[in-house]
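In: Need the 3D shape of this:
(one chain, ligands or ions: 1)
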Amino acid sequence: METTSSAGQSPVRPVNRYGPLDTPPIDAEEARRGLGAGRVAILDVQPAERLMSDRPFRLRVAFVSDTPDEGVLSVLVFWDGTPFVVEKRIAAADHDRGHADVEFGAEQSLPPGPATFAVGLITESGSQADFTVSVAVLPSNPFDLRLSPRDNFVTGTFSARAVRSGNAYQTNLTVTLSNGDASAVPMRQEFKWEFWDGPIGGGTLVEQGNGRFPDPITVPAHGTWDGWIAFNSPAGTGIFGKLDAKEDLAVQITMTRQDGGTAAGQITVRTMFSFGLNITRVGAESFTAEEYTDLYLAVDRTRVIYERRDVTLAVDRRFISNAQAGGFTVITSESEARDLFEQWSGPDNGFIDVFVVPSISGTGFDGLAGAIPGPTSHNGRESGVVVDRSGYTSGGVRHLNVPYLGMLIGHEVGHYLGLVHVTEPGNLMLSSSTANDTNLNYDPQYRTLIRHGWVRIA
Ligand SMILES: [Zn+2]
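Out: Predicted coordinates:
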């Protein structure tokens, strides 16, 4: 038996608005109309000039405010390494200009590949605004081939997943070619692939072969090209054997430019882990159609947070009616939250119960996990997590705060899976994490959560 490959081209993404979770730019007039006294809004964030690897750069933050308060811009950077923060004070002159440039020096320069900037603005009067944008950092050298998981936007050194499907493993990759040069680069359509046990070139070659993209490839000037490759490894192949033994593999893809130069990239391949969430609306009738939609957008964000760390999640949509829920629609103490777990957890399906309640009030928390880690049973007073649905009203319509709620569900579920609080900037498990704190580290967080009894091979 042999592993086979198939390949295709993916949609083109603008280099300065590169991520699926990026905040859409806001129109200045619209933002001004919506501003209350002392409020501030971020309109857009973009690099002031083309963002090239290993070079200083500036990020331009356009904003409007009702009053020219002093404040602090903080930019949390997710990239192919440990997240870091750069801050800049803003003054009246920045308000007049309508934007401020945050400077990144040589020591804060970035390698080629995606970077996500989570920007927060806090003014002296306490007003806050957030904005997230992702940028493809173009190679200065000037050409780069990079591998990432398929259909998944990542800004760290994560692995590609091999998913078991019947009697085979399917491994999906995204290939990103990026061009830092001012002229387009035509490529040959063929590619060479190698799977290694241990490091590329230094371990054992498990399988190798050649594949071909179906259409001609040209990487635009100062732009990127994305393609996908899917490997099918049936039982009996070397790759199947290694993955089935839960071993990590390394894959390398090599491509050739029409002018003869080659480019190669590598990534770790491992089996994907999965857990389940029972998303339960408590007092279902009190959720508007908008809030219902927003809730599942928030759960999609929770999924992205975990998939960036190679763990996916399944969702069961559940509800408890107003009449059934009684007083549980407003949780006013920890013991009431535990009463909710005791009375409504289950029926058993091996998923974590996530109770989304209209309000948690007077408790000092807006989310609570039953235990760290939570039990692998739906019995007792520890089985579940509860979160406030975290909404707001705009133009008379009730919405949920999707980025925050997605993070909050992820945080409480993180506790259930065994994660404790940390102090690492940008981490999901900060004791008071905000919408932009979504990072999970490999050791110990990934290694801890995959050991929970409700996390299995996907
Ligand atoms: Zn917590």
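In: only C-alpha atoms for contact and neighbour calcs from this point on.
Out: Will do.
In: where does the chain have low pLDDT?
Out: 37-38, 150-158, 458 (pLDDT under 70).
In: So which residues of the stretch 151-300 of the chain form strands?
Out: 160-165, 168-179, 185-197, 204-212, 217-219, 223-234, 249-257, 262-271, 273-282 (DSSP state E, counting those that start in this stretch).
In: Buried residues in the third one, which are they?
Out: It stands for strand 185-197. 185, 187, 188, 189, 191, 193, 194, 195, 196, 197 (16 or more other Cα atoms under 10 Å).
In: From what I see, the fourth one and residue 218 are in contact.
Out: No: at 9.7 Å, residue 189 and residue 218 do not qualify as touching, with contact defined as Cα atoms under 8 Å.
In: Tell me the one of the buried residues of strand 185-197 nearest residue 314?
Out: residue 195 (29.1 Å; Cα to Cα).
In: For beta bridges, what are the partners of the closest residue in space to the closest one that isn't next to it in sequence?
Out: Excluding the flanking residues, the one nearest residue 195 by Cα to Cα, 6 or more residues apart in numbering is residue 251, at 4.4 Å. Assessed by DSSP bridges, residue 251 has beta-bridge partners residue 195, residue 267.
In: can you check residue 210 too?
Out: Assessed by DSSP bridges, residue 210 has beta-bridge partners residue 192.
In: what's the spacing between it and residue 423?
Out: 46 Å (Cα to Cα, to the nearest Å).
In: what do you get for residue 251?
Out: From residue 251 over to residue 423 (counting by Cα to Cα), the distance is 34 Å.
In: Show me which positions of the top helix by length along the chain end up buried.
Out: Assignment by DSSP state H gives helix 289-307 as the longest helix of the chain. Neighbour counts over helix 289-307 (16+ other Cα under 10 Å) mark 291-292, 294-307 as buried.
In: From the contact counts, what lies against it?
Out: strand 311-320, strand 397-400, helix 402-416 (3 or more Cα pairs under 8 Å, 6 or more residues apart in numbering; DSSP states H and E).
In: at 10 Å what do you get?
Out: Applying 3 or more Cα pairs under 10 Å, 6 or more residues apart in numbering; DSSP states H and E, one finds that helix 289-307 contacts strand 273-282, strand 311-320, strand 391-394, strand 397-400, helix 402-416.
In: how about the ones you listed in CSV, adding mean neighbour count?
Out: Below are those laid out as CSV (neighbours: other Cα atoms under 10 Å):
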stretch, mean neighbour count
strand 273-282, 22
strand 311-320, 17
strand 391-394, 12
strand 397-400, 17
helix 402-416, 25
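In: Between those, which one is closest to residue 330.
Out: Across the helices and strands packed on helix 289-307, closest to residue 330 is strand 273-282 (Cα to Cα), at 9.3 Å.
In: ok, back up a step: more neighbours, residue 251 and residue 423?
Out: residue 251 (24 against 12; other Cα atoms under 10 Å).
In: now that one: how far from residue 228?
Out: On the measure of Cα to Cα, residue 251 and residue 228 end up 14 Å apart.
In: what residues are shared contacts of the two?
Out: Overlap between the contact sets of residue 251 and residue 228, as judged by Cα atoms under 10 Å, 6 or more residues apart in numbering, is given by 147, 173.
In: Nearest spatial neighbour of residue 168, chain-adjacent residues omitted?
Out: residue 234 (3.9 Å).
In: now the helices: where do they sit in the stretch 1-150 of the chain?
Out: 28-34, 92-97 (DSSP state H, counting those that start in this stretch).
In: closest to residue 173 out of these?
Out: helix 28-34 (39.2 Å).
In: in that closest one, what's buried?
Out: Buried-residue list, helix 28-34, by 16+ other Cα under 10 Å: 28, 31, 32.
In: can you redo the residues you listed as TSV with distance to residue 442?
Out: Listed next are these as TSV, based on distance: Cα to Cα, whole Å:
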residue	distance to residue 442
28	40
31	39
32	42
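In: Would you mind checking which of those is nearest to residue 336?
Out: Among the buried residues of helix 28-34, residue 31 lies closest to residue 336 (Cα to Cα), at 40.1 Å.
In: now the closest residue in space to that closest one that isn't next to it in sequence, which residues is it bridged with?
Out: What sits nearest to residue 31 in space, not counting adjacent residues and going by Cα to Cα, 6+ apart, is residue 41, at 6.7 Å. Counting by DSSP bridges, residue 41 forms beta bridges with residue 64.
In: Next, give phi and psi for residue 328.
Out: Main-chain torsions, residue 328, degrees, to the nearest 10: phi -70, psi -10.
In: Make residue 1 into 457 and carry on from there
Out: All right, first residue 457 from here; so that's residue 784.
In: Quick check: the gap between the nearest residue to it once chain neighbours are set aside and residue 563.
Out: Nearest non-adjacent residue to residue 784, counting by Cα to Cα, 6+ apart: residue 796, 6.7 Å away. Distance check for residue 796 against residue 563: by Cα to Cα, it reads 50 Å.
In: which one of those two has more residues nearby?
Out: Neighbours were counted for residue 796 and for residue 563 using other Cα under 10 Å; residue 796 has more, 24 against 9.
In: Residue 764 and residue 535 touch, don't they?
Out: No: judged on Cα atoms under 10 Å, residue 764 makes no contact with residue 535 at a distance of 11.9 Å.
In: hmm, back to that, okay, the buried residues of strand 641-653 in CSV with distance to residue 521 next?
Out: As requested, these are exported to CSV (distance: Cα to Cα, whole Å):
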residue, distance to residue 521
641, 44
643, 48
644, 51
645, 51
647, 52
649, 53
650, 54
651, 54
652, 55
653, 55
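In: list the residues that contact both of residue 645 and residue 674?
Out: 713, 714.
In: Could you chop this structure up by domain?
Out: Following automatic domain parsing, one finds the domains of the chain at 460-469+596-727, 484-592, 729-913.
In: Could you work out the end-to-end span of the longest one for me?
Out: Domain 729-913 has an end-to-end distance of 4 Å (Cα to Cα).
In: For residue 894, see how far away residue 499 is.
Out: 22 Å.
In: The two: which has the busier surroundings?
Out: Taking neighbours as other Cα under 10 Å, residue 499 and residue 894 compare with residue 894 leading, 26 against 22.
In: ok, now how distant is the more buried one from residue 624?
Out: 32 Å.
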